[in-house]
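Asker: sequence-free structure coming up:
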């Protein structure tokens, strides 16, 4: 092991040669991992044996000698977190879970990658006990781990009391070359270094191989030097040497000021006699002959999917885990006696429930907003919502990608964790992707509701992490400001025209585009109250008029669409609008009334919610055969489908091209989004 | 200046203090830049003065003493490329273009950020002469610059001959802290270091400030060490010291083996007496008082938007540029005499035209594919297309993000540039975002048609760069394989269900989802022939049956939608399908025929092309009032709008939730995509 205090020269020095004798493979503890990984991939005729074989010693040392967990209770809040960022190596994780005693019977391993098995191709949180996060998209598991470690430290700072550390666990993450090549690894690890997340330990499977072959041809970074530049503790070890690994982990945990990277020189597919060290072991079964020879080399003669009891005994973590959890529960009990109100709050925080007082605080805020009916940018209304609600939602852990004063995500009581470890804001820097993936880690950890903010157009940078929030059903709130052409002069690079619709395509993501302060408040409530997935709040840079509405109408906002305004007389057309275009629709309706044309305005701040309504509720808003004009300052594709629903004609007004740089006031007419244009469209719709 | 040969210690040593005396601002050459930037932002009441003021000396030294360009001909192929990756500093670039003699009159600068001015909020390629790439989304300009440098080196290796270097220019890029925080900077710079792009010189505006304030709270990387770890030459200078800058640039250009990073310690907003060094100068006008005092400090007493002739004289680059271009033209003439066929090919390559022989090579390939009517994965068909077409398209510069053997982007004659500098493939590593942004740079450079490949689901990682291809109208071809649930066991993290529709939302991007080898060939032809924007080819992992069709039908593929098959008798419904679901639709149509229900099958490999057809052509495919059933293994939102068009009912079959991990054969029935389900849907539609 080369310790952190080493100079750059020492970090660059050659490692001792890997022991290539067969005996080096003879550790039954790792033989079990290797055999199971080979057999399961072979049986599935699909999967990735390379990483499980290459990381067997690392996994064995970490899971047997260091990881604090209780297989009987995968939800134990103070367990260490383990993340397999190189998620394609899922069989390694399933093997570890099975062997250490999680509720993952061998039958599930035999069904690796089969329909409805709990052993899917990549680890899926929520499907398999002990899987802390869904991984596979490279680099994001590493960023999730940063989020887990950040949540642990922050929750501990908020709740721990002298002698009563009820939050005190570590985060371990395995990663491959692919994770390190991905840009998100830079963002996440640079921030982790700055934050000094000392209880985060990463293991790099430094095998020199990625799918296209030997990485040296496309990846020649001096990775140890790179991580030293981030402020990490960096060590280098032979990744097949249990003693060296053990010492490195001990040293990593001893340094509580810096995250640690343990660079583990390994051989991919280690143990496959003819294939080890080659990319062919990465993502395909090894074949029966190779497996037979590997078994012989390891001295492993048990039937596939069979382990002798002594192997289980060597891996079983249940007893130690139960003892650990009991000790923690005793600590929590002592805490409860000493700090009863903090303990109650701690339990509430872990439960994910909102505070009891939330409803009344919210009601007061909404009443005030309804009374005021302010003309205000929805980003500003969002800030007002935060100011009103944050005191009753201390579990908020918010932040912005270097745009706090543009996204308006600061509020009285917001304190960066860099200034107060018990704070509630993260200054993420210009790191949208990592920010979102870190927020996923924070949400997965529990005890927090993370929100993250950037310009809507840069949701692109974070897109796959937003998808992962949705796939994992995590309560992450995306505050996306500077919607559409309303941001004006910054021009097409900054004007999101396709982004709202594009976010709506992600399953299980609620996209809110509120039209004023009251809808913004309701969007925040919906996002905070939602337990099973993320929400995106699409907010304007420019001022939006406050709409008059009754309390009943305000209550209806949560349904995603509601009748905001109806002309006297026989309604002949429906105007559907969202966000900044609701005011436009109202102005058009007023003009139409003058011309004797009565319309109904449906405000639809959340199309996902609307679409989830019962058919009768939807039909009530859209009388059969009545023409519909939709108005939204973005691509129209998603609106065209409204027509079919009720048989009326449909005209969708929007922006089906890129924006332009100019003051806002010049852009609305340029893109045909004016009251006059809406009036024209209604007339056309009426034929 | 601290040279590259310096040790890490020397790179970390403190710089000499910046001269803070007013006299240091008295260089009229930079005073002109500063005054213009301040005045234009003030007049627009919008914009970013901080970077132009802070980088004035850097810009002056680079543009006056090193940059080889000809303002009279911004399209001169052998000009040095300049990229402003911190694109918000656009006024700096406009000032430079104006002062050095580009066709950008002062009237345009007075209209900074106004409607239809050639001085938009962020630099836009194609709108303003001399703007090499559209920047603003942070980090991507840097990656574009890597692409420009890569294209220069590769084109030079392909065409230069001893003593006749007709391709020999450099790429310079300005970048800020934000660019360095973005993950794409890691991906691009790691690869640039590995590729040894020695003619790439980056200038980091190291001002310690980003929008949220002093970056040290969220960005504490040792950036010089980080870039040394990438294999770059790294220098540190006082960014307000012209002599030091000049020496650093000279040293950077002298090292032709490594890209260079010049870390320029600067003060943001330098010259604003009370505001310099503060984030408030970043993105807001300084105000008339501050500007007056800045002018006084610089000894600059000219009216706003007015420069005396001696200032223009000191900046004017037209004469030197014309001389350089003439010298180059003489070199090209000599080349033409010595290598007439290479010279003709060089001109063709720069023109962007496909080779004359392309049409016949394509026709032969298509005839062969039609004869063979092979059952083959469309990714494999794409590889066959490349094998057939690449010999006549030597301008291809392709590559994959570490998935060459999954994306099937290799072909006979593909040679990585790491093995042959005149090669035609880039081994991008696991770097999707940089890959796409680099491809944008390659396309912008000219002489190449770049294609880049990854799994479709990871188009998310590259999404904003794909958007930038479309916004800039660049011919970049995205090869996106492993479409939808057809990839099977890898599960929902790898199964793109919303991605095809999501890509279709990006304006000016053609999305092709071919159903067999012939459609795949046609998609490649369309993508190669297209001059005004990017194309995405969505390809299957699994086998797809070859469809029978006439030559006329094959010709119609290019229209984006065509009648593939029609039952005998009176057609009662239309089946619209794309890609892997065309085979499904055909199987369903056969079953329906047995039941006496005649259908028409419209294959719609490119909805964008279809929507661009004249109304009559679209109407011909969709007889009025006839029910439509669409089938695509992805979210259905985008298909629902087809209904309104012609008044028929519509049922959209697809996948409106995340996928699952299982063998492909088990997934199709699970998601209701079987011939029987299509038959049922048609019956319901006729219902």
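Answerer: Ah, there it is. Not measured: the values here are computed from a predicted model. Numbering: from 1, shown residues only, chains lettered A, B, ... in the order given.
Asker: and the stretch 251-400 of chain A, which residues reach chain B?
Answerer: Applying CB under 8 Å from any CB of the partner chain, we find that the stretch 251-400 of chain A lies next to chain B at residue A:400. (Each C-beta comes from the backbone N, C-alpha and C, glycine too.)
Asker: Show me where the stretch 251-400 of chain A has its strands.
Answerer: A:260-265, A:376-377, A:396-400 (DSSP state E, counting those that start in this stretch).
Asker: centre of the chain versus the last one, how much separation?
Answerer: Distance of strand A:396-400 from its chain centroid, counting by CA atoms, centre = their mean, to the nearest Å, is 13 Å.
Asker: ok, back up a step: any idea which of the strands of the stretch 251-400 of chain A is most buried?
Answerer: strand A:396-400 (a mean of 27; mean count of other CB atoms under 10 Å in any protein chain shown).
Asker: Identify all contacting residues around that strand.
Answerer: If you take CB atoms under 8 Å, 6 or more residues apart in numbering or on different chains as the criterion, strand A:396-400 is touched by A:150-151, A:154, A:386, A:390, A:406-407, A:409, A:414, A:424-428, A:435, A:442, A:448-454, A:479, B:212.
Asker: got it, and stretch A:286-295?
Answerer: By CB under 8 Å, 6+ apart, stretch A:286-295 touches A:34-35, A:38-39, A:41-42, A:49, A:269, A:271-275, A:301.
Asker: ok, of these, which one's closest to residue B:242?
Answerer: residue A:269 (56.2 Å; CB to CB).
Asker: Spatially, what comes nearest to that closest one if we skip its sequence neighbours?
Answerer: In space, and not counting its chain neighbours, residue A:269 is closest to residue A:281: 2.8 Å by CB to CB, 6 or more residues apart in numbering or on different chains.
Asker: from memory that neighbour sits against residue A:275, does it?
Answerer: Yes. Counting by CB atoms under 8 Å, residue A:275 is a contact partner of residue A:281 at 4.9 Å.
Asker: Compare those two (neighbour count), which wins?
Answerer: With neighbours defined as other CB atoms under 10 Å in any protein chain shown, residue A:281 and residue A:275 compare such that residue A:281 has more, 29 against 21.
Asker: who touches both of residue A:281 and residue A:275?
Answerer: In contact with both residue A:281 and residue A:275: residue A:269, using CB under 8 Å, 6+ apart.
Asker: Narrow the contacts of stretch A:286-295 to those that are buried.
Answerer: Buried members of the contacts of stretch A:286-295, scored by 16 or more other CB atoms under 10 Å in any protein chain shown, are A:34-35, A:38-39, A:41-42, A:49, A:269, A:271-273, A:275.
Asker: nearest to residue B:146, of those residues?
Answerer: residue A:269 (32.7 Å).
Asker: Once you drop chain neighbours, what's closest to the residue in chain A that chain B sits nearest to?
Answerer: In chain A, the residue that lies nearest chain B is residue A:183 (2.3 Å; CB to the nearest CB). Leaving aside its chain neighbours, residue A:183 sits nearest to residue B:183 (2.3 Å; criterion: CB to CB, 6+ apart).
Asker: Give the burial count for that neighbour, as a bare number.
Answerer: 28.
Asker: What segments of the stretch 501-650 of chain A are strands?
Answerer: Assigned by DSSP E, counting those that start in this stretch, the stretch 501-650 of chain A shows strands spanning A:510-512, A:535-538, A:543-544, A:562-566, A:571-577, A:598-603, A:628-631, A:650-653.
Asker: TSV for the ones you listed, including mean neighbour count and distance to residue A:163?
Answerer: Converted to TSV, the strands of the stretch 501-650 of chain A look like this (neighbours: other CB atoms under 10 Å in any protein chain shown; distance: least, CB to CB, whole Å):
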stretch	mean neighbour count	distance to residue A:163
strand A:510-512	27	43
strand A:535-538	28	39
strand A:543-544	23	52
strand A:562-566	19	53
strand A:571-577	23	58
strand A:598-603	23	54
strand A:628-631	26	61
strand A:650-653	23	64
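Asker: got these as CSV, with mean pLDDT and distance to chain B columns?
Answerer: Shown next, in CSV, are these (pLDDT from 0 to 100; distance: least, CB to the nearest CB, whole Å):
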stretch, mean pLDDT, distance to chain B
strand A:510-512, 98, 12
strand A:535-538, 98, 14
strand A:543-544, 98, 16
strand A:562-566, 98, 22
strand A:571-577, 96, 14
strand A:598-603, 97, 17
strand A:628-631, 96, 10
strand A:650-653, 93, 5
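Asker: tell me the contacts of the closest residue to residue A:120 other than its chain neighbours?
Answerer: Beyond its immediate neighbours in the sequence, the residue positioned closest to residue A:120 (CB to CB, 6+ apart) is residue B:661, lying 3.4 Å away. When contacts are counted by CB under 8 Å, 6+ apart, residue B:661 touches A:113, A:117, A:120-122, A:124, B:488-492.
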